[in-house]
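1. I would like to see how this sequence folds:
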Amino acid sequence: MPVDALDARILRLVLEQPRTSVREYARILGVARGTLQARLDRMERDGVTAVAGPRISPAALGHPVLAFVRIEVTQGRLDEVGRALAAIPEIIEAHSITGGGDVLTRVVARDNGHLEDIIQRLIQLPGVVRTSTEIALRERVEARVLPLVEAVGRAAPETQRTAR
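-> Predicted structure coming up:
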């Protein structure tokens, strides 16, 4: 089931006030607590939302260097390389991609020397042909979904039922 306007309002509220109770969300939105809980459950079941823990800063953990490493992989070895990447703690994200390369990773490091050590480890993985690295200088837009939720909410049809 697609996200409707009430779902978008719920998502916005959850993003803006993540520590608020379901009862309080229902009060703020003017809907029954059961209605709100049912929608939250449905959105989680449908993969719209996922239970997540706190956002942890790699920099606060002593890893202030952020780089994006594009990896070219030998054909047929993508799964093997993916498993090997998952074993490297400094790789905090990896995606199969199209274009120049096969995998794009987000890598954190203590300093540039540590980053070089990680890249050397990547190059030695069976199935890795070459890498290309770009170091992030400054975050310009923090990871976010609220603007997308707002846009979807504006485009979504109004809720047909207003159960209380």
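2. what about the residue nearest the centre of the chain, which SS state?
-> Nearest residue to the geometric centre of the chain (CA atoms, centre = their mean): residue 143, 7.4 Å. Here residue 143 is coil, with the state taken from DSSP: H, G, I helix; E, B strand; the rest coil.
3. Okay, it and residue 24: tell me how far apart.
-> Using CB to CB, to the nearest Å, residue 143 is found at 26 Å from residue 24. In short, each C-beta sits where N, CA and C put it, glycine included.
4. Equivalent analysis for residue 89, please.
-> Distance, residue 89 to residue 24, by CB to CB: 37 Å.
5. Could you list the domains of this structure?
-> 5-53, 59-135 (automatic domain parsing).
6. so how far is residue 36 from the nearest residue to residue 62 once chain neighbours are set aside?
-> Excluding the flanking residues, the one nearest residue 62 by CB to CB, 6 or more residues apart in numbering is residue 110, at 5.8 Å. As judged by CB to CB, residue 110 and residue 36 stand 44 Å apart.
7. quick one: which of the two has more around it?
-> In this view residue 110 and residue 36 are compared by other CB atoms under 10 Å, and residue 36 has more residues nearby, 22 against 16.
8. Tell me how many other residues surround residue 144.
-> A count of neighbours around residue 144, defined by other CB under 10 Å, yields 9.
9. List the contacts of the residue nearest to residue 149 when sequence neighbours are not counted.
-> Distances taken as CB to CB, 6+ apart place residue 11 nearest to residue 149, at 4.6 Å, with adjacent residues excluded. Residue 11 makes contacts with 3, 43, 48, 49, 149, 153, as judged by CB atoms under 8 Å, 6 or more residues apart in numbering.
10. before we move on, what about residue 130?
-> When contacts are counted by CB under 8 Å, 6+ apart, residue 130 touches 71, 72, 123.
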